[in-house]
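>>> Could you look at this predicted model? Sequence included:
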Amino acid sequence: MEDRVISMKKEGFGVNVLILGHRCHRCKHAWVPRDISEIPEICPKCKSPYWKKPKTRFTKKELKKMNKKKESKK
Ligand SMILES: [Zn+2]
């Protein structure tokens with residue numbers, strides 16, 4: 001399932017609105033396109049061409065951070 005249906009409390013009207021739009025995996029920026037069938041090549045905010053895909057590669061620093069989080073949960 002694609003992350004097309006997203007809730008954007010900030011940009012919608014009222015409480016807990018559900019808007020059809022896109023959200024960037026990199027910078028978490030969410031936006032509503034003029035045409036939902038039109039999928040942009042890059043994120044309008046961070047300009048990443050990988051905004052459609054979840055991050056799969058991490059830097060050593062990020063991995064360390066994640067491992068620390070796991071350990072602290074125990
Ligand atoms: Zn982005």
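Thanks, I have it.

>>> so where do the helices sit in this structure?
60-73 (DSSP state H).

>>> Spatially nearest residue to Pro49 (excluding sequence neighbours)?
Ile42 (5.1 Å; C-beta to C-beta, 6 or more residues apart in numbering). For the C-beta atoms, the positions are set from N, CA and C on the backbone; glycine is no exception.

>>> Tell me which residues touch the one you found, please.
With contacts defined as C-beta atoms under 8 Å, 6 or more residues apart in numbering, Ile42 is in contact with Ser48, Pro49, Trp51.

>>> and if you look at Glu41?
Residues in contact with Glu41 (C-beta under 8 Å, 6+ apart) are Pro49.

>>> roughly how far apart are it and the ion?
12 Å (C-beta to the ion, to the nearest Å).

>>> same deal with Cys43?
Counting by C-beta to the ion - Cys43 and the ion are separated by 3 Å.

>>> Tell me the confidence at that residue?
Cys43 carries a pLDDT value of 94.

>>> And Pro40, by the same measure?
You'll see Pro40 listed with a pLDDT of 93.

>>> Name the residues of the chain found near the ion, please.
Within reach of the ion by C-beta under 5 Å from the ion, the chain has these residues: Cys24, Arg26, Cys27, His29, Cys43, Lys45, Cys46, Trp51.

>>> Repeat the analysis, applying 8 Å as the threshold.
By C-beta under 8 Å from the ion, the residues of the chain that approach the ion are 24-29, 43-48, 51.
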